[in-house]
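>>> Okay, here's the prediction I keep looking at, along with the sequence it came from:
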Amino acid sequence: MRMARRRVTDLLRRTSSAITERRVVRSFHRLFYDSGKQTWSNTHWLGVPAQKCAFDLWVYQEMLHDLRPAVIVECGTANGGSALFLASICDLLGHGEVVTVDIADQPARPSHDRITYLKGSSTEPEIVERVKQLVASRAPVVVILDSDHSRDHVLNELRLYAPLVSAGSYVIVEDSNVNGHPVVPDFGPGPAEAVARFLTETDEFEVDQSREKFLLTFNPSGYLRKRAL
């Protein structure tokens, strides 16, 4: 009886702790995100705006170290800070290239031997075909989706680019925190909803919550790992 009471007490303590942690993290997440001019929008890599959560960037470098990807495909270049970050980690590893796609062309983007810039929509057939050519049969391949965050666009990207991901590697759906998860509640269906739909269409991928170990991530349930064969 005493052992049973102890187990119940431990369970209640863990449950209470999890609820408190979730409340604290969600509150801080909203504060961090809403303070973007000071925090994520004021994040730079080697002087180039990256506009990322630094916790996620740290997870990215751990992931690249673990996987040693041959190619990292990034949809959504913006200023090129994240592409430069990824290329810099590849430099340190002595391996890997970055293919990054954006509809806009910004001449001030950083030049780097490991970065290939493509101009166009990530879902245009010509762009998809060009990415496939650059990836060819190389592996491992990591895909990062950070362009148009509407549900339908992200879902389309997942369907187009997930097949490029090698077994054991990842497609990362960024900014799945919008539309109330827990920020920007009036955003409308976005990346989180695209992920939920995508996971009903395939059993090849699973959410890897171990990549959310720092508690605050802009990509909740967005680290999708391709199951090993």
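Here it is on my side, so go on.

>>> Now the phi/psi pair for Thr116, please.
Backbone torsions of Thr116, given as degrees, to the nearest 10, read phi -120, psi 120.

>>> Contact partners for Gly76?
100-102, 122, 144-148, 174 (CB atoms under 8 Å, 6 or more residues apart in numbering). Yep, even glycine has a C-beta here, placed from its N, CA and C like the rest.

>>> ok, 6 Å please
Counting by CB atoms under 6 Å, 6 or more residues apart in numbering, Gly76 touches 146-147.

>>> Kindly report the same for Glu97.
Counting by CB under 6 Å, 6+ apart, Glu97 makes contact with 71, 114.

>>> Tell me, what's the model's pLDDT at it?
You'll see Glu97 listed with a pLDDT of 98.

>>> Pop out the phi and psi values for it.
phi -130, psi 160.

>>> Tell me what it is bridged to.
On the basis of DSSP bridges, Glu97 is bridged to Val71.

>>> Please enumerate the strands of this structure.
Applying DSSP state E to the chain gives strands spanning 44-45, 48-49, 71-75, 97-102, 115-119, 141-145, 170-173, 205-207, 223-226.

>>> Turn these into CSV, columns for distance to Gly190.
What follows is the strands of the chain, written out as CSV (distance: least, CB to CB, whole Å):
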stretch, distance to Gly190
strand 44-45, 25
strand 48-49, 22
strand 71-75, 15
strand 97-102, 19
strand 115-119, 24
strand 141-145, 11
strand 170-173, 10
strand 205-207, 16
strand 223-226, 15
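
>>> Name the nearest residue to Glu157, sequence neighbours excluded.
Leu145 (5.0 Å; CB to CB, 6 or more residues apart in numbering).

>>> just Arg68 next, same as before
His95 (5.4 Å).

>>> so what's the backbone phi/psi at that neighbour?
Main-chain torsions, His95, degrees, to the nearest 10: phi -160, psi 140.

>>> For the remainder of this discussion, apply numbering that starts at 324.
Let's use 324 as the start, then, which means that last one is His418.

>>> Give me the helix or strand of the chain that scores worst on average pLDDT.
None of the helices or strands of the chain scores lower by mean pLDDT, DSSP states H and E than helix 325-357, at a mean of 71.

>>> Now do Ala393, the pLDDT please.
We have a pLDDT of 98 for Ala393.

>>> Assess the claim that it and Arg461 are in contact.
Yes. Counting by CB atoms under 6 Å, Ala393 touches Arg461, with 4.0 Å between them.

>>> quick revisit: any idea how far the residue nearest to Glu480 lies from Glu497?
Leu468 sits 6 Å away from Glu497, taking CB to CB, to the nearest Å as the criterion.

>>> How many residues are close by Ile438?
21 (other CB atoms under 10 Å).

>>> which ones are touching it?
By CB under 6 Å, 6+ apart, the contact set of Ile438 is 406, 410, 421.

>>> Out of these, grab the one that's most surrounded.
Ranking the contacts of Ile438 using other CB under 10 Å puts Ala406 first, with 29 neighbours.

>>> about what we covered before: Ala393 and Arg461: who's more crowded?
Neighbour count, other CB under 10 Å: between Ala393 and Arg461, Ala393 has more, with 18 against 14.
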